[in-house]
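[1] Kindly return the folded structure for what I paste below:
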Amino acid sequence: MRQYQGLPASSGIAIGPAWIYNPVKVAVKVESIQDPEKEWLRLMSAVNLARNQIQALEERARLNFGENEAAIFEAHLEFLDDVDMMSGVRGIIFNQSLNAESAIETVFNEFAREMSELEDAYLAARAQDLYDVSHRIIRCLTGGDDGLAASLLIHPSIIVADDLTPSDTVGFDKKKILGICTAKGGPTSHTAILARSLGVPAIVSGSFDIADVESEILTVLDGNEGVVMFGPTINELNLAKEKRVEWESQRDEQMLSTNRPAITLDGHVVEVVANIGGIDDAKKAVEMGAEGVGLFRTEFLYLDRTELLQTSEQASIYRGVVDVLAGRPLVVRTLDIGGDKNVPYLSLVSEANPFLGWRGIRMIRERPDLLANQFEALLLAGVGSDLRIMLPMVSGVGEVIRAREILEEVRQSLIAQGKPIAEKVQFGIMVEVPSAALLAEHFVPYVDFYSIGTNDLTQYSLAVDRTNERVAVLASPFNPAVLKLVAMTIEAAHKHGKWVGMCGELAGEPSAVPLLLGMGLDEFSMAPASVPPVKQAIRKWSLEHCKEVAREALDLPGSSEVIKFLKGLTPS
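    Okay, the predicted model is just below:
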């Protein structure tokens, strides 16, 4: 037996044969060409073919996974039209008279390298996307297959790979995926996100050499502990089977009770809601027992377009989500987009570190019209709904004051036009920058609620790239420094009668439930698939016990101590 410790990416126990996915990469030769114009036309033909393939993957992802996952491929389509990259490719073909394959590899790899060196989880994931797209274009140029793995995965297996691109993961037949195990990657990679949406166990950063793993070898994958065993002993196999039976039974039990409210043993009620990217996600959230939406990521509406959405188009999409929720609360995050995304019609410019640059609410100074248009669409679509609007990337009070002024201007304009609008709208902010947590009490006069985004709050607080397998273990939201910022926010809000939600990955982690309840969190928002287990976990605890848990956890020195402490707890 060989056992490897990785990072948990999706909970559960999987037992089955290992299916080794080790695709052969196309070897790119640098060759001189005689006719640059002809070579450029050959490239454009390959790009169009790649576009058709990516659009097919986007639709496949939308049908099998949801809007959030489909948006991955919307981003891939953007790369095909990226002016800077394609200009660089054209320069190599025309100025250096080199073949299209080498030009694509050179330019895309350079952009990907620059992205991967930035200390930002999202950008590191986008670097992997760039490699994915460049390999696809090169395959199209050389006449290779489209990279879909669906036809290769014949029977239910645990997929074992060095790493997986989004195209790889979506290409598999989801009915044949028992689990996913990669040697590289982080818990916030596309692979991890897609595994959670499928509800299959997964680990990343397994640190094994894929060349040492035999095809079809019996494998045990523990997504709860982040452990993979190749060739388990009879004893280990029997223990894993017992764990799997327990996990499957627990999952069935969770689904049976998922539509019941989340109430602690001593009668304390909290909201358990979902993170979504569109109407399909909203439907899945309701099916999984979500009591509303705690984060509607509206940036997906702005990607893969050549012009700004009309207000009526936005309102129609928002109204579709409102109708699906049927009176349940809807928290909408305003446009969170910036210099890291290629949106030509917004006149964005390249930035050295875009995730610390012109993005989110910071765009308000130069483009207040974007926020005004979105506010108008939301007010029109929110008639008769429980609408709640929140601002992303807030770092100072002035941003919130200005945004509220714009909202009021829009509201008064619509009233003057005699249009029906949402009557009662709650207004809040995302707490994902440490300064927002530190200044939480100063926002009180201007907000109705706070929503803590632990993914960004963790990386900004700890300066760690969560997708980098060499340091991903450090990027834990269980770090006491992050937890103290969370506790500080909740305390300041509750002092003045405001409620606090959380929409980061931590909110969907059952082991964190007693800690977050004890700190006073009012709303838990997560991927729809995480709703049933979190609701069940809440029902096992008393609020008074949770307060003791929080006090002890916040006194611990590190994330490993906090995690060990929480795992050793017995509900009451």
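[2] what's next to stretch 25-37, contact-wise?
    For stretch 25-37, contacts defined as CB atoms under 8 Å, 6 or more residues apart in numbering pick out 39, 93-94, 97-99, 101-102, 105, 135, 138-139, 142, 144. C-beta coordinates here come from the backbone N, C-alpha and C atoms, glycine included.
[3] Quickly check these for the two that are furthest apart.
    Spatial extent of these (CB to CB) is set by the pair 94 and 144 at 25.2 Å.
[4] Show me what the lowest-mean-pLDDT helix or strand in the chain is packed up against.
    For the chain, counting by mean pLDDT, DSSP states H and E, helix 190-198 ranks last in confidence among helices and strands (a mean of 77). Contact here means 3 or more CB pairs under 8 Å, 6 or more residues apart in numbering; DSSP states H and E; on that basis helix 190-198 packs against strand 7-10, helix 67-80, helix 121-142, helix 166-171, strand 177-182, strand 202-204.
[5] just the angle between the helix or strand just after the second one and helix 67-80, please?
    Where DSSP states H and E defines the elements, the next helix or strand beyond helix 67-80 is helix 83-95. Relative orientation of helix 83-95 versus helix 67-80 (axes from the mean of the first three to the mean of the last three CA atoms, to 10 degrees): 30 degrees.
[6] could you point out which element follows helix 83-95?
    As assigned by DSSP H and E, the chain's next helix or strand after helix 83-95 is helix 100-116.
[7] hmm, who's touching that next one?
    Contacts of helix 100-116 (CB under 8 Å, 6+ apart): 26, 28-31, 39-40, 42-43, 46, 79, 84-85, 88-90, 92-93, 123-124, 126-128, 130-131, 133-134, 137-138, 141-142.
[8] Any quick PyMOL command for the buried ones out of those?
    To isolate the buried members of those in PyMOL, using 16 or more other CB atoms under 10 Å:
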select buried, resi 28+39+40+42+43+46+79+85+88+89+90+92+93+123+124+126+127+128+130+131+133+134+137+138+141
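[9] Show me how far the least confident helix or strand of the chain is from its chain's centre.
    Its chain's C-alpha centre and that of helix 190-198 lie 9 Å apart, by CA atoms, centre = their mean, to the nearest Å.
[10] which residues touch that helix?
    Residues contacting helix 190-198 (CB under 8 Å, 6+ apart): 9-10, 65-66, 68-69, 72, 125, 128-129, 163-166, 169-170, 174, 177, 179-180, 182, 185-186, 201-202, 204, 223, 527-530.
[11] Buried residues in the helix or strand encompassing residue 37, which are they?
    In this assignment (DSSP H and E), residue 37 forms part of helix 36-64. Buried positions in helix 36-64, judged by neighbour count with 16+ other CB under 10 Å: 36, 39-40, 42-43, 46-47, 49-51, 53-54, 57-58, 60-62, 64.
[12] count of neighbours near residue 245?
    By the criterion of other CB atoms under 10 Å, residue 245 has 11 neighbours.
[13] quick one: the helices in the stretch 251-400 of the chain?
    Using DSSP state H, counting those that start in this stretch, the helices of the stretch 251-400 of the chain run over residues 279-287, 311-325, 368-381, 397-416.
[14] who's in contact with the nearest residue to residue 319 once chain neighbours are set aside?
    Once flanking residues are discounted, residue 319 sits nearest to residue 381: 4.2 Å by CB to CB, 6 or more residues apart in numbering. For residue 381, the contacting residues are 314-319, 322, 422, by CB under 8 Å, 6+ apart.
[15] Please indicate which of the residues you listed are buried?
    For the contacts of residue 381, a neighbour count by 16+ other CB under 10 Å gives the buried set as 314-315, 317-319, 322, 422.
[16] quick check, nearest of these to residue 231?
    Nearest member of the buried ones among the contacts of residue 381 to residue 231, counting by CB to CB, is residue 317, at 50.2 Å.
[17] Tell me the predicted confidence for the closest one.
    The model reports residue 317 with a pLDDT of 92.
[18] if I read this right, it contacts residue 280, doesn't it?
    No: when contacts are counted by CB atoms under 8 Å, residue 317 is not listed as touching residue 280 (11.6 Å).
[19] that older thread, how much does the helix holding residue 37 deviate in direction from helix 121-142?
    Using the same axes, to 10 degrees: helix 36-64 against helix 121-142 is 120 degrees.
[20] Relative to residue 504, how far out is the residue most central in space within the chain?
    Nearest to the mean C-alpha position of the chain, by CA atoms, centre = their mean, lies residue 193 at 6.2 Å. Distance, residue 193 to residue 504, by CB to CB, to the nearest Å: 13 Å.
[21] Same question for residue 452.
    On the measure of CB to CB, residue 452 and residue 504 end up 7 Å apart.
[22] what's the overlap in contacts for those two?
    Common neighbours of residue 452 and residue 504 (CB under 8 Å, 6+ apart) are residue 432.
[23] Same drill for those two, tell me which one is more crowded.
    Shown here are residue 452 and residue 504; by other CB under 10 Å, residue 452 has more neighbours (31 against 26).
[24] picking up where we left off before, please identify which of the helices of the stretch 251-400 of the chain is closest to residue 546.
    For the helices of the stretch 251-400 of the chain, proximity to residue 546 was assessed by CB to CB; helix 279-287 is nearest, at 25.1 Å.
[25] Could you name the helices and strands sitting against the closest one?
    Here helix 279-287 touches helix 67-80, strand 269-276, helix 311-325, going by 3+ CB pairs under 8 Å, 6+ apart.
[26] and those as JSON lines, adding distance to residue 333?
    Output for the helices and strands packed on helix 279-287, formatted as JSON lines (distance: least, CB to CB, whole Å):
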{"stretch": "helix 67-80", "distance to residue 333": "13"}
{"stretch": "strand 269-276", "distance to residue 333": "10"}
{"stretch": "helix 311-325", "distance to residue 333": "12"}
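[27] most packed of the ones you listed?
    Neighbour counts (mean count of other CB atoms under 10 Å) averaged over each of these peak at strand 269-276, with a mean of 24.
[28] what's the angle from that one to helix 311-325?
    With the same axes, to 10 degrees defining the directions, strand 269-276 sits at 130 degrees from helix 311-325.
[29] Give me the average confidence score over strand 269-276.
    Average pLDDT, strand 269-276: 95.
[30] Over to stretch 437-450?
    The average pLDDT for stretch 437-450 rounds to 97.
[31] next one: stretch 40-47
    Stretch 40-47 comes out with an average pLDDT of 95.
[32] again with stretch 382-398
    Stretch 382-398 comes out with an average pLDDT of 94.
[33] same deal with stretch 26-37?
    92.
[34] Just the CA atoms of stretch 437-444, as CSV, please.
    C-alpha atoms of stretch 437-444 as CSV (Å, rounded to 0.1, in the frame of the first residue of the first chain):
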residue,chain,number,x,y,z
ALA,A,437,-13.2,44.2,9.0
LEU,A,438,-11.0,46.6,11.0
LEU,A,439,-13.4,49.5,10.2
ALA,A,440,-16.6,47.5,10.6
GLU,A,441,-18.1,49.8,13.2
HIS,A,442,-17.6,52.8,11.0
PHE,A,443,-19.8,51.3,8.2
VAL,A,444,-22.7,50.9,10.6
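[35] How far does that stretch sit from its chain's centre?
    Centroid separation for stretch 437-444 versus its chain: 26 Å, with CA atoms, centre = their mean.
[36] Other residues contacting that stretch?
    Contacts of stretch 437-444 (CB under 8 Å, 6+ apart): 394, 396-397, 400, 429, 431, 436, 450, 452, 457, 485-486, 488-489, 492-493, 495-496, 498.
[37] is it true that residue 429 lies in a helix?
    No: assessed with DSSP: H, G, I helix; E, B strand; the rest coil, residue 429 is strand; it does not lie in a helix.
[38] show me the contacts for the closest residue to residue 47 other than its chain neighbours.
    Spatial nearest neighbour of residue 47, excluding adjacent residues (CB to CB, 6+ apart): residue 80 at 5.5 Å. If a contact means CB under 8 Å, 6+ apart, then residue 80 has 47, 50-51, 54, 86, 133, 137 as its contacts.
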